[in-house]
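Student: next one to model:
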Amino acid sequence: MLLNDGVALIRDAIILGIGATVFMDIWALVLWHVFGVPSLDYALVGRWIGHLRHGTWIHPSIIRAEPLRYERSAGWIAHYLIGIVFAGGLLLICGREWLLQPDFPTALITGLVTLVAPFFILQPGMGAGIAASKTPHPNKALMRSLLAHTGFGVGLYIAALLLS
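Tutor: I've put the predicted structure just below:
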């Protein structure tokens, strides 16, 4: 019985995570085309991840780091895998029952909690500092992250509604 529950949790996390991440990406396109808000270049995420295997966790500037083969693909794959992991975290905390009656506040709060990853892992690792503090316009960078992860939270709710 526990094995079946684990398989179901993984299946639901994959579906929920992909659905929420797709919504996040659609939201990013809307923000770009309507408001001119640029999105993260996932090739840079792939570059950062690719350099991890060489022991380089923190770069002075990821843009100046050596480009890697397949970095764009690696970045996009990581983007979706991270979405699946975050969705799995939601299901582990709230239980798979949450999918039967998803609520918007839980989904939105989850999306906002995921800001911990870019603020304290990705941005410092890419040379932007904690919460983009080393960028020319930290407040703009923070707002872009907030908008993106709010979209992920909304996407969690919409994907859960479609699953329920």
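Student: helices along the protein, start to end?
Tutor: Per DSSP state H, the chain carries helices over the ranges 2-35, 42-52, 71-94, 104-113, 116-117, 123-125, 138-163.
Student: dump the ones you listed into JSON lines; add distance to H59 as well.
Tutor: (C-beta placed from N, C-alpha, C; glycine too.) Below are the helices of the chain laid out as JSON lines (distance: least, Cβ to Cβ, whole Å):
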{"stretch": "helix 2-35", "distance to H59": "23"}
{"stretch": "helix 42-52", "distance to H59": "7"}
{"stretch": "helix 71-94", "distance to H59": "13"}
{"stretch": "helix 104-113", "distance to H59": "26"}
{"stretch": "helix 116-117", "distance to H59": "17"}
{"stretch": "helix 123-125", "distance to H59": "7"}
{"stretch": "helix 138-163", "distance to H59": "16"}
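Student: which residues sit against stretch 24-35?
Tutor: With Cβ atoms under 8 Å, 6 or more residues apart in numbering as the test, stretch 24-35 has contacts from 37-39, 83, 147-149, 151-152, 154-155.
Student: now, of these, which are buried?
Tutor: For those, a burial check counting by 16 or more other Cβ atoms under 10 Å picks out 83, 147-149, 151-152, 154-155.
Student: ok, so of those, who is nearest I130?
Tutor: Closest approach to I130 among the buried ones among the contacts of stretch 24-35 (Cβ to Cβ): H149, at 16.2 Å.
Student: so the closest one touches T114, yeah?
Tutor: Yes. Using Cβ atoms under 8 Å as the test, H149 is close enough to T114 to be in contact (5.2 Å).
Student: report the contact partners of the nearest residue to F119 once chain neighbours are set aside.
Tutor: Nearest non-adjacent residue to F119, counting by Cβ to Cβ, 6 or more residues apart in numbering: A131, 4.3 Å away. Contacts for A131 were tallied using Cβ under 8 Å, 6+ apart; they are 119-120, 123, 138, 142.
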